[in-house]
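> Any chance you could fold what I've pasted below:
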Amino acid sequence: KFHSQYGSTIIPLQLKNIDSDNIQLLKEGYISGISAKYEHILAGLDVIRYDKLNEINKAFATNNIVFVHGASGQGKSSLAYRYLSNNYIDGTMFELKLSSNFNDVRDTINSLDGLCKGLNIPVIIYIDVLPDNNHWNEVVKEFSNKSNLMFLITLRQETWNKTLLGEDYSFKDIELIFDKEEARSLYNSISKNEKDLINASFEESWMRFGNKGLLLEYMYFLNHGDKLKNKLGNQVLRLETDQKITELKILRYVCLADLYNSKVNCKKLIDKLGLDSVLAQSYITNLEKEYLLEHIEDSMYLSGMHYVRSEILCEILFDENKFINKTDYINALISLVNESDLHSFLLNSFDNNYDVISLFKEIKRNDLHFSWVGVANILKALLWKGVYDFVFVDNYLLFEGLYKKLNSGWFIGLPYDYSGTMDGTI
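I've put the predicted structure just below:
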């Protein structure tokens, strides 16, 4: 089992030599705000956050499970990789890439069990939690009592807020919040190595930055002297000016899917746009060179470079363009995103005013067919949508009133006709 998972699900993090050409390429991507990789840390491209590293060290001194959470763009992955690089050696640190299929997760658990039995030295497992994939919790529960196995887990703040922990294992958690003092520390660190910063002082940089924002955006601002949104806006404007209609469509599909925590099937998108495969590849390559999107999973899927970049691009491509109908793109993406991502994609779509009727019309109009995985994820999304509407749309005042009157016994007064069909009309 272990050998089948090693290198695919259980990935060893190892020291490697990076030549100068690759360092420059890595630097261009990293300072442009793409998602951090272990190679970025090996190349020394991050700004070391000593106080946060000390916090993680203190947390591990009393616990073998440590969570680092915060908004996307607060440097969680860079911090985690830096901690691993500074504190562990080759053969003792692994990154876990969990499947959305629970049977695959069981195989991973069995493989980890074999790894634990084969080593008598402490091993650390790093998990970067993907939205709506809760299988990581099963893994942690299974191994929480293994004294030689440590877990460092990073997750977005919204995922942390809705995750129930505490009953199955003990842990420590660290929240990353980017404030003026950390911005000052980052500025001082960067200014020691970069003597030609556009902003002559920290106070000037912080004021021009707007006195608030994400770490990723501030780092971009220091390195480029402009805000990330301005840069992305200019890139989109150049595509519009050059009438790159197809590239803009590809970018809209990919960024919207990424914002809704899903990835786009590359072949299906090419077929949807009616493109020749060679021409399509040239379009995608050009967008990759601009750090606007990337191929992932052996080029099978397309994804945004970072959640924050996709969020900004969607503001530019949809919210600031009144001629583009976001619903049309959501409809089309239902058949383009990976079926394992449909649950997350639809929940995010519903949160952004997409309605169930539009979903059913799209499925019927295009005679869409899905595997059982796709069907299961659509049904899960519809169930959650139904529960949300029942509580927060149809009965919010009722729930609020029951809680005020009955406190912990509020559920006694709940209406039992959840579907609204007890009167026999259906």
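
> among the helices and strands of the protein, which has the poorest mean pLDDT?
Lowest on mean pLDDT, DSSP states H and E among the helices and strands of the chain sits helix 2-5, with a mean of 57.

> for the chain, longest strand please?
strand 149-156 (DSSP state E).

> What pairs with it, parallel or antiparallel?
strand 65-70 (parallel), strand 123-128 (parallel) (DSSP bridges).

> mind listing what's buried in stretch 89-103?
Thr92, Met93, Phe94, Glu95, Leu96, Leu98, Ser100 (16 or more other CB atoms under 10 Å). In short, each C-beta sits where N, CA and C put it, glycine included.

> what does stretch 74-91 give?
So, applying 16+ other CB under 10 Å, buried residues of stretch 74-91: 74-85, 87-88.

> I'd like to know which of those residues are part of helices.
Secondary structure from DSSP state H places Lys76, Ser77, Ser78, Leu79, Ala80, Tyr81, Arg82, Tyr83, Leu84, Ser85, Asn87 of these in helices.

> Quick one: neighbours of the nearest residue to the first one once chain neighbours are set aside, just the number.
Nearest residue to Lys76, sequence neighbours excluded (CB to CB, 6 or more residues apart in numbering): Thr154, at 4.1 Å. If you count neighbours by other CB atoms under 10 Å, Thr154 ends up with 25.

> in the longest strand of the chain, what counts as buried?
Leu149, Met150, Phe151, Leu152, Ile153, Thr154, Leu155, Arg156.

> In those, which has the lowest confidence score?
Minimum pLDDT across these is recorded for Leu149, with 86.

> show me what contacts the closest residue in space to that residue that isn't next to it in sequence?
Leaving aside its sequence neighbours, Leu149 sits nearest to Phe143 (CB to CB, 6+ apart; 5.2 Å). If you count contacts by CB atoms under 8 Å, 6 or more residues apart in numbering, Phe143 has them with Ile109, Leu112, Asp113, Cys116, Leu149, Phe151.

> Ile18 too?
Ile18 neighbours (CB under 8 Å, 6+ apart): Leu26, Glu39, Leu42, Ala43.

> quick one: contacts of the helix or strand harbouring the second one?
Glu39 belongs to helix 38-42 when elements are defined using DSSP states H and E. Outside of helix 38-42, the residues within contact range by CB under 8 Å, 6+ apart are 13, 15-16, 18, 22, 26, 29-30, 46, 78, 81-82, 84-85, 95.

> Tell me the one among the buried residues of strand 149-156 nearest to Phe221.
Within the buried residues of strand 149-156, the smallest distance to Phe221 is 22.0 Å, found for Arg156 (CB to CB).

> My guess is that closest one contacts Gly73. True?
No: at 9.7 Å, Arg156 and Gly73 do not qualify as touching, with contact defined as CB atoms under 8 Å.

> Which neighbours do those two have in common?
Tyr307.

> in the stretch 301-426 of the chain, which segments are predicted with low confidence?
Counting by pLDDT under 70, the ranges of the stretch 301-426 of the chain that qualify are 415-426.

> Just the helices from it, written as ranges.
307-314, 326-333, 342-351, 356-365, 372-388, 396-406 (DSSP state H, counting those that start in this stretch).

> can you redo these as a markdown table with mean neighbour count and distance to Leu273?
Output for those, formatted as a markdown table (neighbours: other CB atoms under 10 Å; distance: least, CB to CB, whole Å):
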| stretch | mean neighbour count | distance to Leu273 |
| --- | --- | --- |
| helix 307-314 | 23 | 18 |
| helix 326-333 | 19 | 10 |
| helix 342-351 | 22 | 19 |
| helix 356-365 | 13 | 17 |
| helix 372-388 | 16 | 21 |
| helix 396-406 | 13 | 42 |
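
> Would you mind giving these as a markdown table with distance to Leu414 added?
Below are these laid out as a markdown table (distance: least, CB to CB, whole Å):
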| stretch | distance to Leu414 |
| --- | --- |
| helix 307-314 | 37 |
| helix 326-333 | 33 |
| helix 342-351 | 23 |
| helix 356-365 | 23 |
| helix 372-388 | 13 |
| helix 396-406 | 7 |
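
> For Leu228, which of those helices is the nearest?
Across the helices of the stretch 301-426 of the chain, closest to Leu228 is helix 307-314 (CB to CB), at 6.4 Å.

> Now do the closest one: distance to the chain's middle.
Chain-centre distance of helix 307-314: 11 Å, with CA atoms, centre = their mean, to the nearest Å.

> Could you list the residues in contact with it?
33-34, 72-73, 156, 214, 216-217, 228-229, 232, 236, 251, 254-256, 258-259, 291-292, 304.
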